[in-house]
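[1] Here is a sequence together with a model predicted from it:
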Amino acid sequence: VSRLQRWAPVVALSTLLHRFDTQALQNPEISGAEYQHGTLFEYEVREYLLEKWGRKCAYCDAEHTPLTIDHIHPKSKSGSDRVSNLTLACGPCNQRKNNQDVRDFLAHDTKRLARIEAQRKAPLRDAAAVNATRWALFRRLKDTGLDVEVGTGGRTKWNRKRLGYAKAHWIEAACAGESGTEVRLGSEHKPLQMGAMGHGERQRARLNRYGFPVGHKAGAKSFLGYQTGDLVRAVIQKGKYAGTHVGRIAIRFRPSFALKAKGHDKPINVHPRHLKILQRNDGYAYS
């Protein structure tokens with residue numbers, strides 16, 4: 001947030017305050033598919049199932065296809081509406097299964113049957129971790145002094161589908177919370193892509209297969225004003241690599257750096273005098 005405030009007039013924040021009520025969802029007194037009512041009917045339960053089942057069909061592992069909520073043990077055969085009895089199925093599998101019990105439907109695939117039975121009873125560990133840390137995140141955002149609104153994954157999906165936008169991380173971010181109800185996105189809106197690159201490694205010694213050191217890294221992290229990960233432009237006047245190249249460098253403690261540039265499968269060797277810094281390595285890449 002602090003980094004973005006240097007570049008844009010940020011006046012308010014929207015965040016997903018995930019509220020997967022795992023205890024209530026598993027409570028036999030609360031029916032799963034009927035747990036959420038009103039405007040967000042089934043949206044929270046669907047988000048829960050998408051996370052729990054890895055966003056793919058439980059019966060054939062199909063991904064990137066419309067998924068429907070399916071009763072593992074059908075209601076017509078005493079199956080319940082509890083979330084532990086719900087899974088995700090693609091259209092063809094849902095039609096083939098129809099009202100069969102999962103044990104009959106997967107009688108030919110006992111390994112998958114055992115995996116489904118184990119997974120349906122397993123708690124959503126990631127949801128529990130988010131539940132434990134979400135308030136710490138909220139307090140840190142409030143410390144910025146900006147207005148902070150919160151929403152859930154189900155509310156975000158409802159906003160996005162009601163407005164007719166495609167699924168993308170930046171669009172989901174724009175549709176988060178109450179302000180996402182009336183968000184307007186056009187072709188002129190383009191996201192800033194940020195990728196975590198890291199700050200290098202902590203290991204100082206190279207080890208052989210027996211665990212004995214065979215070499216040590218130099219203590220310095222920079223050389224001639226450059227450090228590994230800097231984004232640079234290299235203008236080379238002559239030679240094998242003549243031309244202008246843009247990419248990230250890996251320093252050596254001699255005047256010959258390795259430049260990983262677009263259009264080259266392998267890093268090219270370049271003298272520091274040909275380089276100009278475009279972005280200091282801060283652990284992220286932007287595009």
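    Now that the structure is in, tell me what you want to look at.
[2] Could you tell me how far the closest residue to H274 other than its chain neighbours is located from F223?
    Spatial nearest neighbour of H274, chain neighbours left out: A234 (4.9 Å); criterion: CB to CB, 6 or more residues apart in numbering. C-beta coordinates here come from the backbone N, C-alpha and C atoms, glycine included. Separation of A234 from F223 (CB to CB, to the nearest Å) stands at 16 Å.
[3] Of those two, which one has the most company?
    Using other CB atoms under 10 Å as the criterion, A234 and F223 rank with A234 on top: 22 against 16.
[4] right, and that one touches V270 too?
    Yes: at 4.9 Å, A234 counts as touching V270 under the criterion of CB atoms under 8 Å.
[5] any shared contact partners between these two?
    Common contacts of A234 and V270, defined by CB atoms under 8 Å, 6 or more residues apart in numbering, comprise 245, 259.
[6] what about stretch 188-205, how long is it end to end?
    End-to-end distance of stretch 188-205 (CA to CA, to the nearest Å): 49 Å.
[7] Stretch 83-101 now?
    OK, stretch 83-101 end separation, CA to CA: 16 Å.
[8] again with stretch 4-13
    Stretch 4-13 has an end-to-end distance of 11 Å (CA to CA).
[9] coming back round to it: got phi/psi on the residue nearest to H274?
    Per-residue torsions, A234: phi -110, psi 120 (degrees, to the nearest 10).
[10] wait, what's in contact with it?
    Counting by CB under 8 Å, 6+ apart, A234 touches 244-247, 259, 261, 270, 274-276.
[11] Keeping just the C-alphas, turn the longest strand along the chain into CSV.
    The strand that spans the most residues within the chain, counting by DSSP state E, is strand 243-250. The C-alpha trace of strand 243-250 is given here as CSV (Å, rounded to 0.1, in the frame of the first residue of the first chain):
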residue,chain,number,x,y,z
GLY,A,243,22.1,-3.3,-30.2
THR,A,244,19.8,-2.3,-27.3
HIS,A,245,18.9,-4.9,-24.8
VAL,A,246,16.6,-4.6,-21.7
GLY,A,247,16.6,-7.1,-18.9
ARG,A,248,17.8,-8.0,-15.4
ILE,A,249,21.4,-8.5,-14.5
ALA,A,250,23.4,-10.9,-12.4
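[12] Partner strands of it and their direction?
    strand 231-236 (antiparallel), strand 257-261 (antiparallel) (DSSP bridges).
[13] so which of those comes closest to A58?
    strand 257-261 (41.1 Å; CB to CB).
[14] Enumerate the positions of the helix or strand immediately after the closest one in the chain that are buried.
    With elements assigned by DSSP states H and E, the helix or strand that comes after strand 257-261 is strand 268-270. Neighbour-count burial for strand 268-270, counted by 16 or more other CB atoms under 10 Å, picks out 268, 270.
[15] Likewise for stretch 95-112?
    Using 16+ other CB under 10 Å as the test for burial, stretch 95-112 gives 97, 101-102, 105-106, 112.
[16] Now secondary structure too, for these, in CSV please.
    CSV is the format used below for these (DSSP: H, G, I helix; E, B strand; the rest coil):
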residue, secondary structure
K97, helix
D101, coil
V102, helix
F105, helix
L106, coil
R112, helix
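[17] Those: which two are farthest apart?
    D101 and R112 (14.3 Å).
[18] Okay, buried residues for the helix of greatest length in the chain please.
    Looking across the chain with DSSP state H, the single longest helix is helix 125-142. Of all the residues in helix 125-142, those buried under the rule 16+ other CB under 10 Å are 127, 130-131, 134, 141.
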